[in-house]
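J.: Based on what follows, work out the 3D shape:
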Amino acid sequence: LKLEDNEEANYMKGVLCEENEKFGGSQKAIEFYKKVKYISNAFHNHGTILLTNDQYEEAIPLFERAIELNPKHTKAMNNIAICYELLKDPEQRQYGYFKKIAEIDPANSYAHHNIGYINSGKGKVDIAQEHLEIAYQLHSKYPETCYTLGVLYNGYTLNKPLIKEAELLFQECHQAYAEQTKQKLLYLQCQDGPTMFTFNNAILSSGHLRVRTDDGTAIIVSHHDLHIPIHRWNPSSNVINLPKAWSTLQHNSWGFYHWLCETLPKIFMILEQDTNTPIIVPNKGFVRDALKNIKGNFVYCSPNDTYQIDEIKIIDWSSVQEPSPKSKEFLIPDYIVNLLRRSFNRYYVNPEPSTKKKIIWLSRCNVKGVRDVINEDQVVDAIFNTVSRFGQYEFVRYIPEDYPFDDMREVFYNAKMIIGVHGGAFSNMLFSNKCTIIEFSMMEDYYRYYFKCLAESCGHQYYNIDFDIPNIFKKSFEINEFQIEKMIYVINECLKN
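T.: Got it, this is the predicted structure:
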C-alpha cells in the first residue's frame, strides 16, 4: 500500500484490498480502482464489486470501459451480460455479449449454454440445441446445461422427444449439483418423491440461491436461470439470518402462475412432513391470503430481501416436472395437479355449487401495456350477448384485484368456460371442475402450451385462438373482428353441447 501513486500501483493496491479485509476490503479497493484510467482489469474488478452487491446499472459502464480498453475481455462481457439479464433488459442485450464471447473463445461452455438457453426461451429450437450440445460436450458436469438440454430433449419442441436421453441428463444434473457443492443428495420422503437438496451456509436473494464452493465463490442454485459464475461470497450487510429454513422460491415465484402451479405444490409437499421449520415464501398479497388459515411457519420474502441461512432445504423442481402423458409440453404433470386438488380439499372449505354455471372473461384492464386488450369492452359485449341467449349461465368479468382468495375459488369452482388472453389468471382452472378454456395466445410460441398442458391435466377442453404477433408480452393490442367471430363460434358450439 506504500507504492507510489500511479496507474499500476493503484490497480495493485485495489487488488490487495479486495482480497484482504484487513486492508479495507472491497470498499477501499474501489477508492484505488477509481484512480485508474487505462487498465481494463481495474474497471472490471470495480464493476464486479458493484455487481455482487446488486448494483447492476452502476456496474454496466465500468464493464463497458473494460471492454473498450480490452476488446477481448470475455469476463467483462460475461458480467455485463449478467447485469442485463438480472435487469430483465427488454432488448436482451445480454445475448449479443454471449455471442461475442463464443466468437472470441469457442471453448467457453458458459457462453454456449447461455446462447442456447436464450434461444430455447424464444422457441428457436435448432439454435438452442446446437449451442446446448456444444456446452454439454465442453462441460458435461455443469448442472444447468444438463437440465436445460434435458428439457429440450423432453419437450414438445422436438419432432421426436428424446425421453431416455432427457432422463439421463436430469440424473447427471442432480449428481453435478451434489459434487459441485460438496453436499449430500437427499430425498424428500413424501407421496410423490421429488428430489430434495440440503445446503449449508447459503445466501437467498431475489429467489436466487447462492451456495459457497471450495474456492470461495458461489454458484447459483436455480435450474431456470442463466449461468452466473462470477458471484463472489460477498453478501450485502443488510441480511436476515436464519439457522434453518425451507425455500420454495425461484426468481419468478412472485408471479401468480408460478406461485400457484410451482411454489404452492412445494409448500404442500413440505407440510406433509414438517410444520415447524420456517418455509420461505413470496411476499405477495395473494400468497398471504391463500396461506392465512394454513398451519405453517411461513417467512414472507420480498424480491429485494436477502437471507443468510445456515441450513437450507430446497425441492428440486426438475424431478417434479415430468412429461405429461397427454401433452408434448414439459410442464405441470398430472400428479402435481392431483396433489394440488387433494390439498385444496384438505386445507380449504369447498365452495358452494352455484345454481348458474359461470362464463368468465379474464380481464387485464388493470395491467396497462402488458397484454391488455384495447377493445376489451367490445369483446366483453360480444361474449355477454352470446351467453345471454342461453339463459342458464352467468357472465363474470373477472378482475383479479377485486377478488379475495376464497371468492376467487368460488368463481372458478363454478366455471363453465374461462376465456382470456394468455396470463397467470388461467391457473385458476385448477379450482374448476370440467370446463372449457379459450385462450388467445401467440402463434408458434412455446408459451401457448403452458395452459394447454394444464387444461389437459385438469380434464378441461382447450381451444386456442392465435395472434400473429411476435411478442404480446409487453404490448397492448386489439382483438380483431375475425378473432371475435372465431371466439363466438367456439362459445356457441360448446354451450350448445
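
J.: what separates Asp89 from Ile80, distance-wise?
T.: 10 Å (C-beta to C-beta, to the nearest Å). Heads up, the C-betas are built off the backbone N, CA and C, glycines and all.

J.: Look at those two and report which has more neighbours.
T.: Ile80 (27 against 15; other C-beta atoms under 10 Å).

J.: Please verify my assumption that the more buried one contacts Ile60.
T.: Yes - under the criterion of C-beta atoms under 8 Å, Ile80 makes contact with Ile60 at 5.8 Å.

J.: Mutual contacts of these two, please.
T.: Gly47 (C-beta atoms under 8 Å, 6 or more residues apart in numbering).

J.: So which residues of this structure form strands?
T.: Using DSSP state E, the strands of the chain run over 185-187, 195-205, 208-212, 218-220, 240-247, 279-282, 298-301, 306-316, 357-362, 393-398, 415-421, 436-442, 461-467.

J.: And the ones you listed: which comes nearest Gly96?
T.: The closest approach between Gly96 and any of the strands of the chain, judged by C-beta to C-beta, belongs to strand 218-220 at 21.8 Å.

J.: any idea of the mean pLDDT in stretch 33-40?
T.: In this model, stretch 33-40 has a mean pLDDT of 93.

J.: which other residues reach it?
T.: Contacts of stretch 33-40 (C-beta under 8 Å, 6+ apart): 5, 7-8, 10-11, 14, 42-43, 45-46, 65-70, 73, 76.

J.: coming back round to it: any chance of the strands of the chain in TSV, plus distance to Gly116, mean neighbour count and mean pLDDT?
T.: Below are the strands of the chain laid out as TSV (distance: least, C-beta to C-beta, whole Å; neighbours: other C-beta atoms under 10 Å; pLDDT from 0 to 100):
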stretch	distance to Gly116	mean neighbour count	mean pLDDT
strand 185-187	25	13	35
strand 195-205	23	20	71
strand 208-212	20	22	62
strand 218-220	17	21	45
strand 240-247	27	17	90
strand 279-282	29	23	93
strand 298-301	30	19	94
strand 306-316	21	20	82
strand 357-362	33	22	95
strand 393-398	38	17	95
strand 415-421	29	24	95
strand 436-442	21	22	85
strand 461-467	27	18	86
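
J.: How far does stretch 289-303 stretch from one end to the other?
T.: Taking C-alpha to C-alpha, to the nearest Å, stretch 289-303 runs 18 Å from one end to the other.

J.: Could you check that stretch and say which residues are buried?
T.: Within stretch 289-303, the residues scored as buried using 16 or more other C-beta atoms under 10 Å are Ala290, Leu291, Gly296, Phe298, Val299, Cys301.

J.: Equivalent analysis for stretch 262-275, please.
T.: So, applying 16+ other C-beta under 10 Å, buried residues of stretch 262-275: Glu262, Thr263, Leu264, Pro265, Lys266, Ile267, Phe268, Met269, Ile270, Leu271, Glu272, Asp274.

J.: ok, the residues you listed vs Ala29, which is closest?
T.: Thr263 (38.4 Å).

J.: For Phe477, see how far away the closest one is.
T.: Relative to Phe477, and taking C-beta to C-beta, Thr263 is found at 29 Å.

J.: ditto for Glu272
T.: Taking C-beta to C-beta, one finds Glu272 at 43 Å from Phe477.

J.: Count the residues that sit near Gln129.
T.: Neighbours around Gln129, by other C-beta under 10 Å: 18.

J.: Phe98 versus that one, what's the distance?
T.: 16 Å.

J.: go on, Tyr462?
T.: Distance from Tyr462 to Phe98, by C-beta to C-beta: 36 Å.

J.: Leu149 now?
T.: 16 Å.

J.: tell me, how many neighbours does Phe477 end up with?
T.: Count around Phe477 with other C-beta under 10 Å applied: 15.

J.: Could you verify my assumption that it touches Ile374?
T.: Yes - look at Phe477 against Ile374 with C-beta under 8 Å: they come within range, at 6.6 Å.

J.: Residue ranges in this structure under the pLDDT threshold?
T.: Residue ranges of the chain with pLDDT under 70: 1-4, 154-161, 163-164, 166-167, 170, 173-197, 206-238, 316-331, 442-448, 468-474.

J.: residue nearest the centroid of it?
T.: Closest to where the C-alpha atoms of the chain average out (C-alpha atoms, centre = their mean) is Asn252, at 3.9 Å.

J.: And it, how close does it get to Phe43?
T.: 32 Å.

J.: Ile438 now?
T.: Taken as C-beta to C-beta, the span from Ile438 to Phe43 is 53 Å.

J.: cool, Tyr307 as well?
T.: Distance from Tyr307 to Phe43, by C-beta to C-beta: 31 Å.

J.: Could you do Tyr449 as well?
T.: 43 Å.

J.: Same check on Ser26?
T.: From Ser26 to Phe43 the distance is 15 Å (C-beta to C-beta).

J.: quick one, which of those two is more surrounded?
T.: Phe43 (28 against 21).

J.: just checking, the more buried one touches Asn70?
T.: No - the criterion here is C-beta under 8 Å, and Phe43 misses it with Asn70 at 9.4 Å.

J.: show me the contacts for the closest residue to Tyr398 other than its chain neighbours.
T.: Excluding the flanking residues, the one nearest Tyr398 by C-beta to C-beta, 6 or more residues apart in numbering is Ile360, at 5.1 Å. Shown in contact with Ile360 (C-beta under 8 Å, 6+ apart): Val396, Tyr398, Val411, Phe412, Ala415, Met417, Ile418, Ile419, Gly420.

J.: which residues does Asp310 contact?
T.: Asn200, Asn201, Leu242, Pro243, Lys244 are the contacts of Asp310 under C-beta under 8 Å, 6+ apart.

J.: Could you dump those into TSV and include distance to Ile314?
T.: Below are the contacts of Asp310 laid out as TSV (distance: C-beta to C-beta, whole Å):
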residue	distance to Ile314
Asn200	13
Asn201	14
Leu242	14
Pro243	16
Lys244	13
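
J.: between these, which is closest to Tyr257?
T.: Nearest member of the contacts of Asp310 to Tyr257, counting by C-beta to C-beta, is Leu242, at 27.4 Å.

J.: Enumerate every residue touching the closest one.
T.: By C-beta under 8 Å, 6+ apart, the neighbours of Leu242 are Pro278, Val299, Tyr307, Gln308, Ile309, Asp310.

J.: Could you rerun that using 6 Å?
T.: For Leu242, the contacting residues are Tyr307, Ile309, by C-beta atoms under 6 Å, 6 or more residues apart in numbering.

J.: go on, Cys494?
T.: Thr436.

J.: Helices of the stretch 301-450 of the chain, start to end?
T.: 317-320, 334-347, 376-388, 405-413, 448-458 (DSSP state H, counting those that start in this stretch).

J.: Can you tell me which of those helices is most buried?
T.: helix 448-458 (a mean of 23; mean count of other C-beta atoms under 10 Å).

J.: okay, the angle between it and helix 334-347?
T.: Helix 448-458 runs at 60 degrees relative to helix 334-347, counting by axes from the mean of the first three to the mean of the last three C-alpha atoms, to 10 degrees.

J.: Helix 448-458 packs against which elements?
T.: Applying 3 or more C-beta pairs under 6 Å, 6 or more residues apart in numbering; DSSP states H and E, one finds that helix 448-458 makes contact with helix 334-347, strand 436-442, strand 461-467.

J.: Please save the CA atoms from the second one in PDB.
T.: Output of strand 436-442 as PDB, limited to C-alpha atoms (Å, rounded to 0.1, in the frame of the first residue of the first chain):
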ATOM      1  CA  THR A 436     -63.900 -25.100 -21.500                       C
ATOM      2  CA  ILE A 437     -60.700 -23.000 -21.800                       C
ATOM      3  CA  ILE A 438     -60.500 -20.500 -24.700                       C
ATOM      4  CA  GLU A 439     -57.000 -18.800 -24.800                       C
ATOM      5  CA  PHE A 440     -55.800 -16.000 -27.000                       C
ATOM      6  CA  SER A 441     -52.000 -16.600 -27.400                       C
ATOM      7  CA  MET A 442     -49.100 -16.100 -29.800                       C
END
